[in-house]
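Colleague: based on what follows, work out the 3D shape:
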Amino acid sequence: MTHDIGFAFEAELVIALHAIEITNVKGWRDLWIECDSIYIVQMLRAKDPDTPWRLILSWHRARKLLQGMRVVGSHIYREDNATTNMLMREPVHGFKWWPEPPDFLIHFL
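Modeller: Okay, the predicted model is just below:
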């Protein structure tokens with residue numbers, strides 16, 4: 001999935017869409033998305049939210065995947081989201097999956 005991302009909100013939405021796809025591919029049925037965007041949390045709860053037009057097809061595809069999942073969306077203040085901020089600073093090319101927390105995150109957990 002590639003997108004032309006213009007706003008921080010859109011970047012967080014793309015990350016949430018990736019999380020939904022990964023959850024589906026791995027066969028997991030429970031997903032907890034925690035983000036600092038209250039709107040994304042509300043989107044997960046709404047049946048027909050306002051979605052940026054550039055992401056509407058991806059969102060509809062994700063909504064179909066969500067039908068077979070138990071999803072929790074919760075808000076976290078940006079200041080309390082040190083783990084995500086550290087991950088954003090880590091140079092990664094392409095998709096990276098850590099089966100356990102990487103060493104540079106241990107002191108934040």
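
Colleague: residues near Trp97, how many?
Modeller: For Trp97, the count of nearby residues is 6 (other CB atoms under 10 Å). Using the backbone N, CA and C atoms, a C-beta is placed for each residue, glycine as well.

Colleague: the protein: helices as residue ranges?
Modeller: Using DSSP state H, the helices of the chain run over residues 8-25, 38-45, 56-66, 82-89.

Colleague: turn these into TSV, columns for distance to Lys96, mean neighbour count and mean pLDDT.
Modeller: Converted to TSV, the helices of the chain look like this (distance: least, CB to CB, whole Å; neighbours: other CB atoms under 10 Å; pLDDT from 0 to 100):
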stretch	distance to Lys96	mean neighbour count	mean pLDDT
helix 8-25	12	17	86
helix 38-45	22	16	82
helix 56-66	20	15	87
helix 82-89	9	13	70
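
Colleague: how about a markdown table for those helices, with distance to Trp32 added?
Modeller: As requested, these are arranged in a markdown table below (distance: least, CB to CB, whole Å):
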| stretch | distance to Trp32 |
| --- | --- |
| helix 8-25 | 9 |
| helix 38-45 | 10 |
| helix 56-66 | 13 |
| helix 82-89 | 14 |
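
Colleague: now stretch 96-105: buried residues?
Modeller: Of all the residues in stretch 96-105, those buried under the rule 16 or more other CB atoms under 10 Å are Leu105.
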